[in-house]
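Student: any chance you can model this:
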Amino acid sequence: AARTDHRMWLGLRRYGANLMAETVGLALPLMAVALLAALPLPLPGVLGSLLRSSRGRAGSIFPNAGPLYVPGLRAVTVAYLAYTIGFQYMANLPIEKELYLGVAARFWMQSDVAS
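Tutor: Below you'll find the model as predicted:
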């Protein structure tokens, strides 16, 4: 099991590096904004008052939700994390070798669609 755990973390690191290389460094900042949009949290301070929208007013489903909240994005975020981490955990390819790394990289494209 320790070998599988090692490969999972190695696979996640390689996936992250591949994602950053393919998206020219835009993936992680955009994913951070999407993660904020997936949570119904109000934005603090002046930024919250400047960006207040009708979603944050009384009578809405989430009266304290911030202006970036997107209701269906939480399910997409959970599916993305479950697929990416689950695939890396169950993959039994020795990705230390370049051939198998290429095979695993083909499955990473499915995670890239959700990201």
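
Student: just for this structure, where's the confidence low?
Tutor: 1-5, 40-69, 115 (pLDDT under 70).

Student: can you mark which positions in stretch 79-96 are buried?
Tutor: Buried residues in stretch 79-96, counted by 16 or more other C-beta atoms under 10 Å: Tyr80, Thr84, Phe87, Gln88, Ala91, Ile95. (Each C-beta comes from the backbone N, C-alpha and C, glycine too.)

Student: kindly report the same for stretch 23-37.
Tutor: In stretch 23-37, counting by 16+ other C-beta under 10 Å, buried: Ala27, Met31, Ala34, Ala37.

Student: mind checking which of the residues you listed are in helices?
Tutor: Ala27, Met31, Ala34, Ala37 (DSSP state H).

Student: quick check, nearest of these to Val76?
Tutor: Lowest distance from Val76 to those (C-beta to C-beta) belongs to Ala34, with 8.2 Å.

Student: ok, the closest one - contacts?
Tutor: Neighbouring residues of Ala34 by C-beta atoms under 8 Å, 6 or more residues apart in numbering: Leu73, Thr77.

Student: format the buried residues of stretch 23-37 as JSON lines; extra columns: distance to Leu10.
Tutor: JSON lines is the format used below for the buried residues of stretch 23-37 (distance: C-beta to C-beta, whole Å):
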{"residue": "Ala27", "distance to Leu10": "19"}
{"residue": "Met31", "distance to Leu10": "21"}
{"residue": "Ala34", "distance to Leu10": "25"}
{"residue": "Ala37", "distance to Leu10": "30"}
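
Student: list just the nearest of these to Asp112.
Tutor: Looking across those and measuring by C-beta to C-beta, the closest to Asp112 is Ala27, at 8.2 Å.

Student: hmm, that closest one is touching Asn18, no?
Tutor: No - using C-beta atoms under 8 Å, Ala27 is not in contact with Asn18, being 9.9 Å away.
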